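Engineer: Any chance you can model this:
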Amino acid sequence: MADAPEVEELATGLAFPKGPVVLADGSFLVVEIRRATLTRVPAGGGTPEVVAELGGGPNGAAIGPDGAAYVVNNGGFLWSKLGDMEIPFELSTMSNQPPDFTGGWVDRVDLATGEHSVLYRECDGLTFLGPNDIVFDADGGFWFTDFGKTRPREADRGSLYYATADGSHIVQAARGLYGPNGVGLSPAGDRVYVAESFSGRLLAWDVTGPGQVASPMATVVEATKGHFDSLAVEADGAVVVAAIGQGLCVVQADGSGHEYVPIPDRFTTNVAFGGEDRRTAFVTLSGSGRLVAVDWPRPGLGLAY
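Structural biologist: Numbering: from 1, shown residues only. Model (predicted):
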């Protein structure tokens, strides 16, 4: 376990934030799942402002080749109280599917106007049950996970999808996953990673083309004793996964091990790199509703857009 880093608060009072995006002007985007919004935080921190009210449960965001934000939406959660936190499942049943649930979707959001439109709700007749995280590749398409929903006596098996930004094409690359959450790409774009929440595993597939993998069967890069959330990738290829209860988990891409970096929130949920040489980790602390900055010892990987 590494030493706990100093944490700088950039925004507070957020309603279960995730999906941090560092914009070119130094400001940030986050999704607020509980508030159902895409929200902007000023450069250097400050009072957040709503960019778009999206409904459902916006769960992850990324900038596309056209400069718009693409948001994966889980369609809504059940919520309950745990101490002074609101958490996205019902404690008494461990279920997160609300009674009025009809499915999730993928939105395109114009950042200048806040106008948004649904790009995808299904793939080959399969309605999305909990789109969770998203990453664009150099070809202009995006990978995203569908976590699924949990009910009192069962849980969905999730999937990994790939889609084009114009809404014209989508494929399922892998299925039967145990809570697929974070998704990211290797520096060369030749591997796609998925963090499984239920198993605490980091999975990988070799990418052979846009939306194509060598095999639907994943390689297990690392298996931990905890629970994983979303992720980012370092410039050297290591994968930094938000680990519920532990903080951030740095996983070596060659499977040689992992190390935890403690972060002061039980629900540390996502991370993005930015700042000078991308040596600052911007982390969403969903339990306490904060976006924070942490000095990082290595540079993060630059995203496609």
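Engineer: can you tell me the helix or strand for the spatially most central residue of the chain?
Structural biologist: Note on the chain: the residue nearest the mean C-alpha position is D133, at 3.6 Å, using CA atoms, centre = their mean. Using DSSP states H and E, the element containing D133 is strand 131-136.
Engineer: ok, now which ones touch the residue nearest to the centre of the chain?
Structural biologist: For D133, the contacting residues are G19, N59, G60, V72, F144, T145, N181, G182, V183, S230, L231, N270, by CB atoms under 8 Å, 6 or more residues apart in numbering. Where C-beta positions appear, they are placed from N, C-alpha and C, glycine not excepted.
Engineer: Pull out the buried members of those residues.
Structural biologist: G19, N59, G60, V72, F144, T145, N181, G182, V183, S230, L231, N270 (16 or more other CB atoms under 10 Å).
Engineer: The fifth one falls within a strand, correct?
Structural biologist: Yes: with DSSP: H, G, I helix; E, B strand; the rest coil as the criterion, F144 is located in a strand.
Engineer: which SS class is S117?
Structural biologist: Following three-state DSSP, S117 is assigned to strand.
Engineer: ok, it - how many residues close by?
Structural biologist: The number of residues packed near S117 is 10, by other CB atoms under 10 Å.
Engineer: ok, now V250?
Structural biologist: There are 19 residues near V250, going by other CB under 10 Å.
Engineer: ditto for L202
Structural biologist: Each residue near L202 was counted by other CB under 10 Å, and the total is 28.
Engineer: what's the spacing between it and P98?
Structural biologist: Going from L202 to P98 by CB to CB, to the nearest Å gives 29 Å.
Engineer: what does S288 give?
Structural biologist: Relative to P98, S288 is positioned 24 Å away (CB to CB).
Engineer: what does G13 give?
Structural biologist: Using CB to CB, G13 is found at 24 Å from P98.
Engineer: What pairs with the strand holding D133, parallel or antiparallel?
Structural biologist: strand 141-146 (antiparallel) (DSSP bridges).
Engineer: Can you show me the CA trace of the strand it pairs with as CSV?
Structural biologist: Extracted in CSV, the C-alpha atoms of strand 141-146 (Å, rounded to 0.1, in the frame of the first residue of the first chain):
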residue,chain,number,x,y,z
GLY,A,141,-15.6,5.1,-32.4
PHE,A,142,-16.1,4.2,-28.8
TRP,A,143,-16.1,1.2,-26.5
PHE,A,144,-18.5,1.1,-23.7
THR,A,145,-19.6,-1.3,-20.9
ASP,A,146,-23.1,-2.4,-20.0
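Engineer: following it, which helix or strand shows up next?
Structural biologist: That would be, after strand 141-146 and using DSSP H and E, strand 150-151.
Engineer: And the helices in the protein, which stretches?
Structural biologist: For the chain, applying DSSP state H gives no helices.
Engineer: ok, back up a step: would you put the C-alpha positions of the strand holding D133 in CSV?
Structural biologist: The C-alpha coordinates for strand 131-136 follow below in CSV (Å, rounded to 0.1, in the frame of the first residue of the first chain):
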residue,chain,number,x,y,z
PRO,A,131,-24.3,1.4,-19.7
ASN,A,132,-21.5,2.4,-17.4
ASP,A,133,-18.3,3.8,-18.9
ILE,A,134,-16.9,4.9,-22.3
VAL,A,135,-13.7,5.5,-24.1
PHE,A,136,-13.0,6.6,-27.7
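Engineer: tell me the mean pLDDT for that strand?
Structural biologist: Averaged over strand 131-136, pLDDT sits at 98.
Engineer: same deal with stretch 175-192?
Structural biologist: Stretch 175-192 carries an average pLDDT of 98.
Engineer: how distant is it from the center of its chain?
Structural biologist: 11 Å (CA atoms, centre = their mean, to the nearest Å).
Engineer: Check which residues of that stretch are buried.
Structural biologist: Using 16+ other CB under 10 Å as the test for burial, stretch 175-192 gives L177, Y178, G179, P180, N181, G182, V183, G184, L185, S186, R191, V192.
Engineer: dump the residue contacts of the fifth one.
Structural biologist: For N181, the set of contacting residues under the criterion of CB under 8 Å, 6+ apart consists of N132, D133, T145, F147, V194, A195, E196, S197, F228, D229, S230, L231.
Engineer: Report the two of the residues you listed separated the most.
Structural biologist: Within those, F147 and L231 form the most distant pair, 13.6 Å apart (CB to CB).
Engineer: how long is stretch 186-203 end to end?
Structural biologist: Stretch 186-203 has an end-to-end distance of 12 Å (criterion: CA to CA, to the nearest Å).
Engineer: Kindly report the same for stretch 7-21.
Structural biologist: In terms of CA to CA, the two terminal residues of stretch 7-21 are separated by 18 Å.
Engineer: how close does the closest residue to F228 other than its chain neighbours sit to N132?
Structural biologist: In space, and not counting its chain neighbours, F228 is closest to A195: 3.8 Å by CB to CB, 6 or more residues apart in numbering. For A195, the distance to N132 equals 10 Å [CB to CB].
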